[in-house]
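In: The amino acid sequence is not available; the structure is as follows:
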């Protein structure tokens, strides 16, 4: 099935998709979901690393203030 045919098909139409169309749609949806999940995971761990770095600085500052 061509990309043009895939882009023209709408699931809201009166005719059911063929097995090939449905398989291709599901494959593309799965790829998109996997990509978005990977982006979200990367964003989460980046924020986590930033938070850990910030907390380490805060604790180091508190420790140095207590020693004085």
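Out: In hand now; what should we look at? Because the structure is predicted, anything quoted here is derived from the model rather than measured. Residues are numbered from 1 along each chain as shown.
In: Do a quick rundown of the helices in this protein.
Out: Here the chain has its helices, by DSSP state H, at 3-8, 19-67.
In: can you list those in CSV and add mean pLDDT and mean neighbour count?
Out: For glycine as for every other residue, the C-beta is placed from the backbone atoms N, C-alpha and C. Formatted as CSV, these follow (pLDDT from 0 to 100; neighbours: other C-beta atoms under 10 Å):
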stretch, mean pLDDT, mean neighbour count
helix 3-8, 75, 10
helix 19-67, 95, 10
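In: tell me the contacts of residue 29?
Out: By C-beta atoms under 8 Å, 6 or more residues apart in numbering, the contact set of residue 29 is empty.
In: Use 50 as the first number from now on
Out: Let's use 50 as the start, then, which means that last one is residue 78.
In: how close does it get to residue 55?
Out: Distance, residue 78 to residue 55, by C-beta to C-beta, to the nearest Å: 12 Å.
In: One more: residue 85?
Out: 20 Å.
In: Please apply the same query to residue 84.
Out: On the measure of C-beta to C-beta, residue 84 and residue 55 end up 18 Å apart.
In: again, but for residue 111
Out: Distance from residue 111 to residue 55, by C-beta to C-beta: 58 Å.
In: got it, and residue 64?
Out: In terms of C-beta to C-beta, residue 64 sits 15 Å off from residue 55.
In: now do residue 107
Out: 52 Å.
In: how far is stretch 89-100 from where the chain is centred?
Out: 12 Å (C-alpha atoms, centre = their mean, to the nearest Å).
In: ditto for stretch 69-81
Out: For stretch 69-81, the distance to the chain centre is 17 Å (C-alpha atoms, centre = their mean).
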